[in-house]
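A.B. asks: return a 3D structure for these sequence lines:
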Amino acid sequence: MMGEARNRAVVQEFILEGFPAVQHLGNVLFLVHLLAYLASIMANMLIITNTWADHHLQTPMYFFLSRFSFCECCFITTVIPKLLVIFLSGRQIIPFTTCLMQSFSFLFLGSTIFFLMAAMSLDRYLAICKPLHYPTIMSLRTCFHLVTACFIVGFTLITGLMVKVSQLSFCRPHVIPHFFCDPGPLIQLSCSDTRSTEMLAFGLVSFILFTSLIITIIAYGNIVVTIVRLLSAKERQKAFSTCSSHLIVLSLVYSSCVFIYVKPKQMDRLDSNREAALVNTVVTLLLNPIIYTLRNKQVHQALRDGWSRVKL
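C.D. replies: Here you go, the predicted structure:
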């Protein structure tokens with residue numbers, strides 16, 4: 001026990017390696033990622049503001065979408081500001097406690113986003129497959145309970161994992177080969193026996209990804225069957241248009257996250273993970289609100305109404 005305590009005391013901070021091969025382009029990369037970060041925040045805030053201000057958007061679908069956008073804002077803010085500091089000043093040091101907090105926030109918000117996407121899939125299933133019962137089943141109270149459950153389940157699962165990670169012993173080398181405190185590379189730095197922690201992390205990530213994915217597949221499987229049975233081509237097009245944006249976002253998020261996280265040995269592909277994680281964190285989270293905005297007529301109308309009120 002005393003030996004473990006001494007080992008843990010050796011490391012008070014970590015060094016985030018970032019992207020050393022392109023560090024000489026720090027100023028350019030800082031500007032690019034800053035613009036992408038601000039664009040993502042502004043696009044998501046636009047969705048949140050319009051959902052709150054326009055009574056036409058105060059429906060279950062946009063209730064979930066506004067919470068989804070809020071989580072995306074928080075999620076990207078856990079990672080990108082530190083990356084901007086690395087690009088601008090080259091300061092790569094992150095205290096041990098801050099690193100654990102960043103890991104927790106990243107996983108908690110990420111898991112909540114996946115559970116929210118599953119809830120959004122259920123909402124689309126009920127709206128298209130059970131239209132007569134939809135207003136009764138998907139009440140504001142039900143929406144609130146579903147969103148609350150997403151946060152609680154995500155918090156509970158990730159808290160257990162991070163408690164276990166915080167009990168690991170860390171000793172030199174203490175360079176994390178990533179641009180943020182990703183739990184996978186962090187666990188690999190421990191000088192303790194990490195097999196149980198690695199298996200727990202792999203199990204939890206797999207559970208979160210595949211549980212939400214299975215719910216989504218079942219929901220959209222039923223939606224496709226219902227749409228095919230519609231007699232009118234116009235009805236089929238209208239039904240599909242209500243969930244096409246969600247399907248595109250689902251494809252982007254699930255494909256990137258399965259590639260990054262669903263494998264037991266994180267060290268096998270850390271370099272590719274780093275690049276894929278950057279795309280997932282910056283590009284995907286920038287595209288999500290744009291897709292929801294560009295492909296939604298109700299959002300278009302709400303934006304026009306809001307712009308008209310501003311001009312007046």
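
A.B. asks: what's the per-residue pLDDT of the residue sitting nearest the centre point of the chain here?
C.D. replies: Nearest residue to the geometric centre of the chain (C-alpha atoms, centre = their mean): residue 110, 3.8 Å. Predicted confidence (pLDDT) for residue 110: 90.

A.B. asks: from residue 15, how far off is it?
C.D. replies: Going from residue 110 to residue 15 by C-beta to C-beta, to the nearest Å gives 24 Å. The C-beta positions use only the backbone N, C-alpha and C, and glycine is treated the same way.

A.B. asks: equivalent analysis for residue 132, please.
C.D. replies: Residue 132 is 59 Å from residue 15, by C-beta to C-beta.

A.B. asks: compare the two (neighbour count), which wins?
C.D. replies: Legend: neighbour count by other C-beta atoms under 10 Å for residue 132 and residue 15, higher for residue 15 (14 against 6).

A.B. asks: who does the helix or strand harbouring that one pair up with?
C.D. replies: For residue 15, the host element (DSSP states H and E) is strand 13-16. Take DSSP bridges as the rule and strand 13-16 pairs in its sheet with strand 93-95 (antiparallel), strand 175-176 (parallel).

A.B. asks: after that strand, next one along is what?
C.D. replies: helix 26-53.

A.B. asks: check the offset of that following helix from the chain's centre.
C.D. replies: 15 Å (C-alpha atoms, centre = their mean, to the nearest Å).

A.B. asks: other SSEs contacting that helix?
C.D. replies: Helix 26-53 is packed against helix 60-89, helix 285-294, helix 297-311, with contacts defined by 3 or more C-beta pairs under 8 Å, 6 or more residues apart in numbering; DSSP states H and E.

A.B. asks: lowest-confidence stretch among those?
C.D. replies: Among the helices and strands packed on helix 26-53, helix 297-311 scores lowest, with a mean of 57.

A.B. asks: tell me which helix or strand of the chain sits lowest on mean pLDDT?
C.D. replies: Using mean pLDDT, DSSP states H and E, helix 2-10 stands out as the lowest-scoring helix or strand of the chain, at a mean of 47.

A.B. asks: where in the protein is pLDDT low?
C.D. replies: The chain contains residues with pLDDT under 70 at 1-11, 231, 235-236, 238-243, 245-246, 256, 258-273, 276, 292-312.

A.B. asks: for residue 39, grab the count of nearby residues.
C.D. replies: For residue 39, the count of nearby residues is 14 (other C-beta under 10 Å).
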